[in-house]
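Need a 3D model of the sequence below.
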Amino acid sequence: MSDGLVERMVRRRVGLDVLRRLRRLVDAERAQEADNARLARQLAWGIAVLPRPKRLAVAALYAFARRVDDIADDPTLDADARARGLEGCRAGVAALPDVPPDDAVLVALADAVERYPI
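Model prediction:
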C-alpha cells in the first residue's frame, strides 16, 4: 500500500470516529433537552399551584438565576467582563434588601428575601 492510500484510510477512519462521537453527542443533547422539557413542565405545574406570594418569590429567584446564568454563558463577554457581571450580581445580593428601584429582578428578590427564609 502506498503512504497516500494509508493516510487517506486513516483520515477516513478518524473522520468516521469523529462523526460517530458527534452523533452520540447530538443524541445525548436531544435526550437531555427532552428531559429538561419534562422537568420544566413538572416545575411549571409545581409553581402554578403555589399561593401567589410564593409563586412570585420563586419567579424572582428564577429570574435572578437566569441573570447569573446569562452572564456566565455569554460568549460575547471575556473573562474579566464575566467576572465583573457576576460580582455585580453578588453585590446585589449582599445589599438586599437595599436595592436600586429600577432593577426589577433585585426588587422582586428583595421582597422574596423579606417574606421567606431564603
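
What ranges does the chain have for its strands?
Read by DSSP state E, the chain holds no strands at all.

Give me the below-cutoff pLDDT ranges for it.
1-20, 36 (pLDDT under 70).

how far away is Val26 from Glu33?
10 Å (CB to CB, to the nearest Å). Every C-beta, even on glycine, is put in place using the N, C-alpha and C of the backbone.

hang on, I meant Leu22
For Leu22, the distance to Glu33 - CB to CB - is 16 Å.

quick one, what contacts the residue most central in space within the chain?
Nearest to the geometric centre of the chain sits Asp69, at 4.6 Å (CA atoms, centre = their mean). When the contact criterion is CB atoms under 8 Å, 6 or more residues apart in numbering, Asp69 has no partners at all.

Next one: it relative to Cys89, how far apart?
Asp69 is 10 Å from Cys89, by CB to CB.

next one: Glu33
Counting by CB to CB, the gap from Glu33 to Cys89 is 26 Å.

ok, now Gly46?
For Gly46, the distance to Cys89 - CB to CB - is 25 Å.

likewise Ile118?
From Ile118 to Cys89 the distance is 15 Å (CB to CB).

Which one's more surrounded, these two?
Taking neighbours as other CB atoms under 10 Å, Ile118 and Cys89 compare with Cys89 leading, 17 against 11.

Does the more buried one touch Phe64 like I think?
Yes - using CB atoms under 8 Å, Cys89 is in contact with Phe64, at 7.4 Å.

Tell me how many other residues crowd the residue lying closest to Asp98 once chain neighbours are set aside.
Distances taken as CB to CB, 6 or more residues apart in numbering put Ala110 closest to Asp98, at 7.8 Å, once the chain neighbours are dropped. Neighbour count of Ala110, defined by other CB under 10 Å: 19.
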